[in-house]
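Trainee: My questions concern the predicted model and sequence given below.
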Amino acid sequence: MANRRQPRFRGTSYPTVEQINSDVISKLAHEYWAPSDAEMDSRKPFSLDVVKSVYHDIVSGRFSSRRLVLLDFSQYLEQFLWPNFNGQTADSVELVMSITALVNEKKRERAPVWQAFKEKPEQFALFFRRVLELCLAPNNYTSADGQLAFSSVEKCQLLIFLGHCVTSLEEDLIREQVQKIFGLPIWQSLSTKRLEIELKKVPNLKKPWDRLLKKDLKVDESATKEEHFFRHFMRNLMQSFENTLVAVTPDGPLPPGTQNYCEHFLNLMIDCQSSLNTRRFFHAVMDDAHILVKCRLALLYGRKEGRVFAQLVEALEFYSSYEITLTGSDLSEQERSVDHYGRATALQRIVYSLFPDREAIKKFAMAPVFKIDTRTALKAFFDSLSLDDLRKVADRVGVLGNRNSIETNENVGDAGLLSKEILTEVLIEFHEKRISQLQRVNEMAIYPTEDIIWDDALVPDEYTLTSETMPLPKLHLQFLSLHDYLLRNFQLFRLESAYEIRTDIEDAVARMKPWRNELGGTVFGGWARMALPIVHFEVFDVGKPNVGCKPPSRVRAKLTVTLNVRGNVRSEWESLRKHDILFLLTVKPTRTVGAKLEYNDHFLNQSGLAYVRGCEIEGMLDDRGNLIDELSEQRPQFSGETRTFRVWLDPNQYYHDFEATTNEGKENIYPTFNIVMRRKPEENNFKAVLETIRTLINSEWVVPEWLHDVLLGYGDPESASWKKMGSIIPTMDFNDTFLSVAHLESCFMEQSVELRNLSDLPMQPPFR
């Protein structure tokens, strides 16, 4: 029996009917917002005191799903909160926060959310404005009556709500408001130099931008102030995040709520970057604020508590560097190369024009691009410059940023100047040669390793709350491109397979009962049907890399086991066929002989499982060491219980392990394998699926024009109907599809078939 790990989070316990009826919320519902017609006449009038009382109960429970489920069940949002939201009650922070909390709970339960707002859409713009204002509220903010102190937990609820709005752009009501903070006007928060660069990239935007500036000159001061708030909201929100991030110290406890706030903020940024509607103009604003660089250099990034934060930063970097244009088309390999070499040569010209008398600058300016576009070369060069010199270079390049565009009020804080460390990292990131997304996928190992399998952030267990922030790809209704759609499915299916593999490994290793003997070796006190101890493992063939590749072309190994098991189990092991998948495990147990499993402790702590690698069977060898032909009807006779399999290892994973052993001094893991595990064939097809997706990503995947936008979530879904397609075929030759007129009419029983005979001869196939 597999060891069940100690739950990291407590699962949501839903209340029973008796608990619902006896709860104080149900009593309030009967008095104030009873949904039944019989009780509507006896309702008490709306009262903000009731909203405050219920909200304080929610806050005291830290937005517990148990309390929110009760409120949602009583239709608190539909019958009480939203019908009474108007200009007079909009100033109530408790009312606004209660609405956002109920929306977040509905989204968590995957229930319809926006129907209540559609019944009263005229107030949604005001509500959205209040949510944005509260997002920028300082940490020490208190309500007008002094009874409510705003906490980081409540700010997290606001960020979650904004994320739901960003991912619900298919709703006209939501899209109209979200567009205010993600449209072209938000480029007013860009630095002057960056704005010029962005307008040069897309000349077609110059005229709309000029019209926007002329329109701003005609509006009054109040309208200008309102537009300024929306256009600078995302930049101000990023500055508020930076202020929170700077408050983290190298050691000691984190400020309350800081970790969750930073994780939810990055989750919001990922949602904004992974949808074309929000990414189109926001990408330049986020890049101009250097959010990624500041996150990587933040103290939280390197702390133990910031593991999920670091993974979210990597996910944000993935989407931020995604090769796509403003129009939504993928950049080709040639276009990426031209852009990279253009940036590198521009840097050489800039530094030479700024410092023509320095010998080191001359060498850098005259060097070929391939010698200066690495991180090591760029860091050595920029470290040799002073802070003032770096600012001059960054200003000419266009990455210095215009900090005067950010409000320096009490809500945001003083912007200040970029430090040398940040400027150096910004310039390196802008000019270094990046690995393309396609190359990353091709260099990724197919089989999951121990680092992924037991990472609760990437492979959550059944105890993980769905409200927790996890660095997982999301399958929304919209995607950046077809490659983005395939990449998300590739990553999600890989992680889903890792979860199933983890369950099988825990079950098999727990049954094997690995113990440590007196000599420090490993002995097994049990047995498992799906796993065997390894007698010998040897890598005997490492092929040369293909042209332009780093990993070897092939890696083969020999695996020897002893089948001292029952006959039916031996038959199952001998029936393993070519391309079946096995898993190689290294167990270094710390428990002595006879020790029992503690089911409350983590599995890795007890089993001593150190490494997990996958392999693919090439075939089983006979006693002479020859590969057995599976197509042969005559099976060879073995003299003993020893069996040897020849397997293929993952070349990418082998290359990564070899580099870690050579450069980082880590242990060579391949001689340490002591358990081999198999899985049920019907559950072990993940490698074929992942390789198929990767092949599609590498191929010129052509999708019909009428299906392209619909598949990515853009345009009208009904446009894919054959009735609305512009290229309808007027005549279809059915050839030998229909055998006779009776056959033709029987195939369209529910339709009226009109037959036209252009000749006097009897109607016979083929029909047109």
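Mentor: Yes, it's here.

Trainee: Where does pLDDT dip in the stretch 601-750 of the chain?
Mentor: 722, 726-727 (pLDDT under 70).

Trainee: again, only this time at 90
Mentor: Within the stretch 601-750 of the chain, the segments meeting pLDDT under 90 span 601-608, 622-641, 664-665, 681-684, 697-750.

Trainee: What are the boundaries of the strands in it?
Mentor: Along the stretch 601-750 of the chain, the segments classed as strands by DSSP state E, counting those that start in this stretch run 609-621, 642-649, 675-678.

Trainee: and L711, which of the ones you listed is closest to it?
Mentor: Using Cβ to Cβ as the measure, strand 609-621 is the one of the strands of the stretch 601-750 of the chain that comes nearest L711, at 31.6 Å. C-beta: built from backbone N, CA, C; applies to glycine.

Trainee: The closest residue to T661 other than its chain neighbours and A557, how far apart?
Mentor: On the basis of Cβ to Cβ, 6 or more residues apart in numbering, the spatially nearest residue to T661 that is not a chain neighbour turns out to be N668, at 5.0 Å. As judged by Cβ to Cβ, to the nearest Å, N668 and A557 stand 13 Å apart.

Trainee: Which of the two has more residues huddled nearby?
Mentor: In this view N668 and A557 are compared by other Cβ atoms under 10 Å, and A557 has more residues nearby, 21 against 12.

Trainee: And the helix or strand containing that one, how far out from the chain middle?
Mentor: Under the criterion of DSSP states H and E, A557 resides in strand 555-562. Centroid displacement of strand 555-562 relative to its chain, using Cα atoms, centre = their mean, to the nearest Å, is 37 Å.

Trainee: Direction included, what does it pair up with?
Mentor: strand 531-542 (antiparallel), strand 642-649 (antiparallel) (DSSP bridges).

Trainee: quick one, which of those is packed in tightest?
Mentor: Per-residue neighbour counts averaged over each of the strands paired with strand 555-562 give the maximum for strand 642-649, namely a mean of 19 (mean count of other Cβ atoms under 10 Å).

Trainee: for it, the distance to its chain's centre please.
Mentor: Centre-to-centre, strand 642-649 and its host chain are 37 Å apart (Cα atoms, centre = their mean).

Trainee: So, low pLDDT: which residues of the stretch 351-500 of the chain?
Mentor: 357, 398-419, 434-441, 455-484.

Trainee: Try it again at 50.
Mentor: Filtered on pLDDT under 50, the stretch 351-500 of the chain yields the residue ranges 404-416, 466.

Trainee: ok, which stretches of it are helices?
Mentor: With DSSP state H, counting those that start in this stretch applied, the stretch 351-500 of the chain shows helices at 359-366, 369-372, 375-383, 387-397, 420-431, 437-442, 450-453, 482-512, listed in chain order.

Trainee: next structured bit after the longest one?
Mentor: Scanning forward in sequence from helix 482-512, with DSSP H and E defining helices and strands, the next element found is strand 514-516.

Trainee: Mind listing residues that contact that next one?
Mentor: Outside of strand 514-516, the residues that reach it under the criterion Cβ atoms under 8 Å, 6 or more residues apart in numbering are 522-525, 587, 589-595, 607-608, 675.

Trainee: Helix or strand next in line after it, which one?
Mentor: Tracing the chain past strand 514-516, the next element assigned as helix or strand by DSSP H and E is strand 522-524.

Trainee: In that following strand, which residues are buried?
Mentor: Applying a neighbour-count criterion of 16 or more other Cβ atoms under 10 Å, the buried positions in strand 522-524 are T522, F524.

Trainee: from the chain's centre, how far out does that strand sit?
Mentor: Centroid separation between strand 522-524 and its chain, computed with Cα atoms, centre = their mean, is 40 Å.

Trainee: what mean pLDDT would you report for that strand?
Mentor: Strand 522-524 shows a mean pLDDT of 89 in the predicted model.

Trainee: partners of it, with directions?
Mentor: Applying DSSP bridges to the sheet, strand 522-524 is found paired with strand 514-516 (antiparallel).

Trainee: Need the residue closest to the centroid of this protein.
Mentor: In the chain, the C-alpha nearest the mean C-alpha coordinate belongs to P473, at 2.7 Å (Cα atoms, centre = their mean).

Trainee: what's the nearest residue to that one if we skip its chain neighbours?
Mentor: Per Cβ to Cβ, 6+ apart, closest to P473 is R488, 4.1 Å.

Trainee: cool, and R591?
Mentor: Here the nearest residue to R591 in space, its sequence neighbours aside, is W515; by Cβ to Cβ, 6+ apart that works out to 5.7 Å.

Trainee: number of nearby residues for that neighbour?
Mentor: Residues near W515, counting by other Cβ under 10 Å, number 20.

Trainee: beta partners for it?
Mentor: Taking DSSP bridges, one obtains V523 as the residues bridged to W515.

Trainee: ok, now how distant is it from N600?
Mentor: Relative to N600, W515 is positioned 20 Å away (Cβ to Cβ).

Trainee: before we move on, back to that, wait, the residue nearest to T661 touches T662, no?
Mentor: No: look at N668 against T662 with Cβ atoms under 8 Å: they stay out of range, at 9.6 Å.

Trainee: So what's the residue count around D287?
Mentor: By other Cβ under 10 Å, the burial measure for D287, its neighbour count, is 21.

Trainee: Spatially nearest residue to it, not counting backbone neighbours?
Mentor: Residue nearest to D287 in three dimensions, not counting chain neighbours: S320, with 7.0 Å by Cβ to Cβ, 6+ apart.
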